[in-house]
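Chemist: build the 3D model from these lines:
(chains A and B)
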There are 2 protein chains.
Amino acid sequence: MNKNDLDTPCLFLELELFERNLQLLRDRAATAGKALRPHAKTHKCSQIAKRQLACGNCVGICAAKVSEALVLAQAGLQSILITSPVTSPAKISLLRQCSAFTRECIVVVDNYANALELNEAAGEFHFSQPVLLDLDPEMGRTGVSFADAPALARKISTLPNLSLRGIQCYAGQLQHLPNAEQRGQESQRLMQKAAKVFRLLRAEGLPLEIFTGTGTGTIRFDFCIPELTDIQAGSYCVMDAEYAAVENPEHLLFEQFCPALSLATTVISNNHSDHVTVDAGLKALYYTPAAPPRVIRQGLPLPGWRYEWFGDEHGALFFPGEKPALGERIELCLPHCDPTINLHDCIYVTDQGRLLDRWDIDLRGKMF
Amino acid sequence: MNKNDLDTPCLFLELELFERNLQLLRDRAATAGKALRPHAKTHKCSQIAKRQLACGNCVGICAAKVSEALVLAQAGLQSILITSPVTSPAKISLLRQCSAFTRECIVVVDNYANALELNEAAGEFHFSQPVLLDLDPEMGRTGVSFADAPALARKISTLPNLSLRGIQCYAGQLQHLPNAEQRGQESQRLMQKAAKVFRLLRAEGLPLEIFTGTGTGTIRFDFCIPELTDIQAGSYCVMDAEYAAVENPEHLLFEQFCPALSLATTVISNNHSDHVTVDAGLKALYYTPAAPPRVIRQGLPLPGWRYEWFGDEHGALFFPGEKPALGERIELCLPHCDPTINLHDCIYVTDQGRLLDRWDIDLRGKMF
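Modeler: Okay, the predicted model is just below:
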């Protein structure tokens, strides 16, 4: 079966490009003496998570939410880090279920009251809950400030049912900064502050072994931080137009990672001379003003072609030459990969257009 | 069970408000001598579609895509109109399945080549496919121009296996225009053009019986078009902050329709003095710069409170007085209802906070 036999809109993953992305980061990290802990929030797919682990040099997998972690745990993933605080009784109950399926299900903490809740829940089950201290990279989303971090770490380390294993620092605000020099300097400044907290706490005798963080946009710079143990990158495996726009829009590359995932869409109306209407709108391609999807053919952008969202159900396609026919199929490089994948139920895996497999996006919609 | 017993982020539908919205439009339409054909693209929920029909004065239900129509058909809905052209062989095959389950599955057409395909497919099964001519309300998305419409209608009417039942004209571009007078004038101008086509074709002897169109933002104005037979409104049943912003942001009302649907979210980090972080981000609340969600309590906006998207997984909540505690639950009026509902798997139905039911969003992700 060929990819053109499937109805649109749908997502295609070109397996060779995907595996090349995995191998590229694995080798770069190994050279830098770092391990990987890839972030599943990007792909929401336990099959992809397993392939990331199988590729090597991984210490585990990340999930943004505990409900994602539970699906990964049930799919057999053995070491999971939940990168957002798990705070409500219902979420802590899910965390307990994750722990039952896994060798370790680590969770970040940025608040002592939350640490006490986790400690109490673990105590009920005579169980030691591994935690990381979440450091705020001056972004204000989650995490404790660098200044307050040591005191919070000391308090957490006294709780009998928690095992403080290390720190997390993820500067999400830097990943798409267009100026690479600024992105690198700012990332190193923040990660050095986190490293200082890490050194201080270890010098005090806390047995911290994990310093995890960084994303696809800052990997190269953060490799230079000696204390950093592992890399939480997510987008690198499938990539998107938003990253490509940062560096190399002509080839859709970012740090040599290439778009392995694309969306196929079909012309459903063509009564105008300057554009046609396709069957993928806001519900198939996540709207982001930062980077519209790119029209591609065989992995490369088609010069002069442009996609614009045309409401919830449709897109407008502008073309430089002959008007596409009704029924013509168009391929797009995704705008922002994470929330676009989250709109779909599955990814079709291809080898140069030949259909190999269908992977469920089994973490889709898991937002608890 | 109370709504506060459920984990967040999740959607709540207050049944009384929802039913009041249904009754309001039913009665208004009846007074104007129009029928309803509510649009299921908004709610993606066959349970809601059934309640719309049960409320009365409905001639059928609309779907944006044939894959949505199939779920509605399998759920027992008997008259379905697909409001986008159905063009590819795979989609036409789904249309055939829909017809097997329903009394009628009508589809719009804006292109003669597509009409030929539909005619051929219907012929293979010795079946008459009901179609509507889709008129372009000078928006350029789908539809044939007013000028070209009569000629296309005449050609379609000669095809033996198609039954041309009427016309559709839906001006999606007008629905949220802030100036009501302009919205009304522009809508009437376009609908009068469509009515002229309708009259012309009927005068020529074509047995057209349906003129369907309009949306929640233009209902009141389009009631004045005598030829219009039925109303395709979608948002009116659950409403959102985008419509409320048009008219009455203080009470979140638009034409007396009120937000029946809300999203609950929980504070998961509160280390800052000016904001806290909640567990609903881009993957739980569709991002639209046009209208951020509104923070509400018991259906009314909380003055001085503000939600901002804080990435894919989180939101930032700004508050005027005392800082919300970790674990505190916050309720939001949805930004744009359609694509936000499409992110969720179910809607919890409540009666003043008491949990009554859980309805699957069974059309979610159906984008073919």
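
Chemist: distance of A:Ala63 relative to A:Phe12?
Modeler: Going from A:Ala63 to A:Phe12 by C-beta to C-beta, to the nearest Å gives 25 Å. Every C-beta, even on glycine, is put in place using the N, C-alpha and C of the backbone.

Chemist: residue boundaries of the helices in the stretch 1-150 of chain A?
Modeler: A:15-32, A:46-55, A:66-74, A:89-101, A:112-124, A:149-157 (DSSP state H, counting those that start in this stretch).

Chemist: what residues does the stretch 151-300 of chain A put near chain B?
Modeler: A:172, A:266-272, A:275, A:277, A:279-280, A:282-284, A:286-289 (C-beta under 8 Å from any C-beta of the partner chain).

Chemist: still on that earlier bit, between A:Ala63 and A:Phe12, which has more neighbouring residues?
Modeler: Using other C-beta atoms under 10 Å in any protein chain shown as the criterion, A:Ala63 and A:Phe12 rank with A:Ala63 on top: 28 against 19.

Chemist: wait, that one sits on A:Ile82?
Modeler: Yes - the criterion here is C-beta atoms under 8 Å, and A:Ala63 meets it with A:Ile82 at 5.4 Å.

Chemist: joint contacts of these two?
Modeler: A:Ala69 (C-beta atoms under 8 Å, 6 or more residues apart in numbering or on different chains).

Chemist: contact partners for A:Ala195?
Modeler: A:211, A:225-228.

Chemist: what about A:Gly172, distance to A:Lys91?
Modeler: Where A:Lys91 is concerned, A:Gly172 sits at a distance of 21 Å (C-beta to C-beta).

Chemist: so which of these two has more stuff around it?
Modeler: A:Lys91 (24 against 18).

Chemist: what separates the helix ranked longest in chain A from the chain centre, distance-wise?
Modeler: The longest helix of chain A (DSSP state H) is helix A:180-203. With C-alpha atoms, centre = their mean, to the nearest Å as the basis, helix A:180-203 stands 21 Å off its chain's centre.

Chemist: C-alpha coordinates for it, PDB please?
Modeler: This file holds the C-alpha atoms of helix A:180-203, laid out as PDB (Å, rounded to 0.1, in the frame of the first residue of the first chain):
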ATOM      1  CA  ALA A 180      21.700  31.400  18.000                       C
ATOM      2  CA  GLU A 181      24.300  33.300  19.800                       C
ATOM      3  CA  GLN A 182      21.700  34.900  22.200                       C
ATOM      4  CA  ARG A 183      20.000  31.500  22.600                       C
ATOM      5  CA  GLY A 184      23.300  29.900  23.500                       C
ATOM      6  CA  GLN A 185      24.400  32.600  25.900                       C
ATOM      7  CA  GLU A 186      21.100  32.800  27.700                       C
ATOM      8  CA  SER A 187      20.800  29.100  28.000                       C
ATOM      9  CA  GLN A 188      24.300  28.700  29.400                       C
ATOM     10  CA  ARG A 189      23.700  31.500  31.900                       C
ATOM     11  CA  LEU A 190      20.600  29.800  33.200                       C
ATOM     12  CA  MET A 191      22.000  26.300  33.200                       C
ATOM     13  CA  GLN A 192      25.100  27.500  35.000                       C
ATOM     14  CA  LYS A 193      22.900  28.800  37.700                       C
ATOM     15  CA  ALA A 194      21.200  25.500  38.000                       C
ATOM     16  CA  ALA A 195      24.600  23.700  38.000                       C
ATOM     17  CA  LYS A 196      25.600  25.900  40.900                       C
ATOM     18  CA  VAL A 197      22.600  24.700  42.900                       C
ATOM     19  CA  PHE A 198      23.500  21.100  42.000                       C
ATOM     20  CA  ARG A 199      27.100  21.500  43.100                       C
ATOM     21  CA  LEU A 200      26.100  23.200  46.300                       C
ATOM     22  CA  LEU A 201      23.700  20.600  47.300                       C
ATOM     23  CA  ARG A 202      26.100  17.700  46.500                       C
ATOM     24  CA  ALA A 203      28.800  19.500  48.500                       C
END
